[in-house]
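Asks: Coordinates only, no sequence provided:
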Ligand SMILES: [Zn+2]
């Protein structure tokens with residue numbers, strides 16, 4: 001960690017081996033780094049670097065800072081990128097960014113010269129957060145990374161996503177750490193089609209998607225339940241515009257909870273999009289800031305029941321800056337409160 005980063009994150013507790021030791025009780029990890037702002041999709045793009053500043057300001061204004069353990073970012077090794085993506089696709093992202101082109105040839109994803117390195121840092125930072133949770137350094141962690149990842153498929157960038165941070169983390173948890181059963185909860189307003197694409201045949205990963213439909217990218221029907229040996233390991237929950245927490249709660253209680261009684265996850269990843277907020281400009285769902293705290297509690301309930309509270313949450317969407325900052329703080333508040341309580345299992 002350099003001096004610049006420490007000054008930007010003044011007040012945060014640094015992980016052991018970095019600038020300062022954390023106090024007893026700092027049990028939630030936090031990834032935030034100025035370098036995530038270098039990916040530039042262009043003027044006026046909603047997935048802007050200002051999103052990270054909004055999160056940083058909101059966290060600084062909260063009472064959370066002393067409770068967060070800062071996890072230093074790391075660049076994702078190519079072998080882990082390739083655990084979820086085709087080698088040709090990595091080369092394409094690298095070549096496109098370095099050539100000065102501004103759109104990936106795979107479709108609609110804007111890039112800049114720093115996009116490959118930034119996306120690699122984002123993916124690697126989620127792996128660093130997984131390491132911190134697995135080692136017991138922290139109980140859970142939130143990664144304020146960009147670019148987001150859940151639309152990126154094996155061989156295609158889509159939406160605002162280059163590398164699928166959460167899918168890479170799922171593969172890493174199994175292949176590096178031997179975790180056999182991983183739950184992914186994706187509550188971004190858009191369906192995480194890339195995550196589904198990469199992991200739909202993987203029985204080690206259970207996917208639970210909540211998303212507005214119809215909406216970009218047009219996938220995520222109830223009938224999409226996985227393929228091959230992964231059949232039955234995905235629950236897609238398309239929701240109509242105007243739906244909110246009242247419609248989501250029964251899906252957790254009636255679908256996810258009983259499914260997890262059988263699956264018994266050993267680790268939970270959250271694709272934490274905050275664009276289902278009622279103030280968000282891109283979606284039509286009606287979550288409030290407090291509803292994000294409620295969703296976080298539900299995931300913590302599952303994590304405490306099945307996997308000693310182990311959660312890594314990674315930022316996806318969220319484009320109203322005020323709602324984003326407030327909702328991330330609400331999410332962190334619950335993670336921090338729950339991480340500081342003893343878990344019996
Ligand atoms: Zn989204």
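Replies: Arrived safely. Here the structure is a predicted model, which means the values were calculated and not measured.
Asks: Residue 278 touches residue 244, doesn't it?
Replies: Yes. Between residue 278 and residue 244 a contact is recorded at 7.3 Å, counting by C-beta atoms under 8 Å. Any C-beta I mention is one placed from the backbone N, CA and C, and that applies to glycine too.
Asks: list residues touching both of those two?
Replies: Contact criterion C-beta atoms under 8 Å, 6 or more residues apart in numbering; residues shared by residue 278 and residue 244: 285-288.
Asks: need the helices for the stretch 101-250 of the chain, in chain order.
Replies: 115-134, 165-177, 193-199, 245-251 (DSSP state H, counting those that start in this stretch).
Asks: Next, the buried residues of stretch 242-254.
Replies: Residues of stretch 242-254 classed as buried under the neighbour-count rule (16 or more other C-beta atoms under 10 Å) are 243-245, 248, 251-252.
Asks: Averaged pLDDT, it. What do you get?
Replies: When pLDDT is averaged along stretch 242-254, the result is 98.
Asks: Which residues does stretch 241-249 contact?
Replies: Stretch 241-249 has contacts (C-beta under 8 Å, 6+ apart) with 187, 210, 212, 215, 237, 239, 278, 283-288, 291, 294-295, 298.
Asks: Which of those are buried? Put it as a ChimeraX command.
Replies: In ChimeraX syntax, the buried subset of these is picked out as below (16+ other C-beta under 10 Å):
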select :187,210,212,215,237,239,278,283,285,286,287,288,291,294,295,298
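Asks: OK, contacts around residue 238?
Replies: For residue 238, the contacting residues are 191, 211-213, 220-222, by C-beta under 8 Å, 6+ apart.
Asks: Do you know the pLDDT at the closest residue to the ion within the stretch 51-200 of the chain?
Replies: Closest approach between the stretch 51-200 of the chain and the ion, counting by C-beta to the ion: residue 190, at 3.7 Å. Per-residue confidence for residue 190 comes out at a pLDDT of 98.
Asks: Residue 22 now?
Replies: At residue 22, the pLDDT value in this model is 38.
Asks: Residue 306 contacts residue 262, correct?
Replies: No. Look at residue 306 against residue 262 with C-beta under 8 Å: they stay out of range, at 10.9 Å.
Asks: Compare those two and say which is more crowded by neighbours.
Replies: Under the neighbour definition other C-beta atoms under 10 Å, residue 306 and residue 262 were set side by side, and residue 306 has more, 20 against 8.
Asks: I'd like to know how far the more buried one sits from the ion.
Replies: Here residue 306 is placed at a distance of 27 Å from the ion (C-beta to the ion, to the nearest Å).
Asks: what residues does this protein put near the ion?
Replies: Taking C-beta under 5 Å from the ion as the contact definition, the chain meets the ion at 188, 190, 273, 275, 317.
Asks: do that again at 8 Å, thanks
Replies: For the chain, the residues found near the ion under the criterion C-beta under 8 Å from the ion are 148, 150-151, 159-160, 188-190, 273, 275, 282-283, 316-318.
Asks: tell me, what residue is most central in the chain?
Replies: Nearest to the geometric centre of the chain sits residue 314, at 2.1 Å (C-alpha atoms, centre = their mean).
Asks: That residue: what secondary structure?
Replies: strand (DSSP: H, G, I helix; E, B strand; the rest coil).
Asks: Quickly list what the residue nearest to it when sequence neighbours are not counted is bridged to.
Replies: Nearest residue to residue 314 in three dimensions, chain neighbours excluded: residue 143, at 4.6 Å (C-beta to C-beta, 6 or more residues apart in numbering). Beta-bridge pairing of residue 143, defined through DSSP bridges, involves residue 31, residue 314.
Asks: For burial, what's the neighbour tally of residue 143?
Replies: Residue crowding around residue 143 was assessed by other C-beta under 10 Å; the count is 30.
Asks: what's the spacing between residue 77 and residue 280?
Replies: 34 Å (C-beta to C-beta, to the nearest Å).
Asks: who has more neighbours, these two?
Replies: Per other C-beta under 10 Å, whichever of residue 77 and residue 280 has more neighbours is residue 280, with 23 against 14.
Asks: quick revisit: now render the helices of the stretch 101-250 of the chain as JSON lines, adding distance to residue 230.
Replies: JSON lines is the format used below for the helices of the stretch 101-250 of the chain (distance: least, C-beta to C-beta, whole Å):
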{"stretch": "helix 115-134", "distance to residue 230": "21"}
{"stretch": "helix 165-177", "distance to residue 230": "12"}
{"stretch": "helix 193-199", "distance to residue 230": "7"}
{"stretch": "helix 245-251", "distance to residue 230": "20"}
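Asks: can you give me the strands for the stretch 51-200 of the chain?
Replies: Using DSSP state E, counting those that start in this stretch, the strands of the stretch 51-200 of the chain run over residues 68-70, 140-143, 182-186.
Asks: How far away from the center of its chain is the second one?
Replies: Here strand 140-143 is found 9 Å from its chain centre; the criterion is C-alpha atoms, centre = their mean, to the nearest Å.
Asks: average model confidence for it?
Replies: Computed over strand 140-143, the mean pLDDT rounds to 98.
Asks: just the longest one next, same as before
Replies: Across strand 182-186, the average pLDDT comes to 99.
Asks: Counting by contacts, list what that strand packs against.
Replies: Under the contact definition 3 or more C-beta pairs under 8 Å, 6 or more residues apart in numbering; DSSP states H and E, strand 182-186 sits against helix 165-177, helix 193-199, strand 205-212, strand 267-272.
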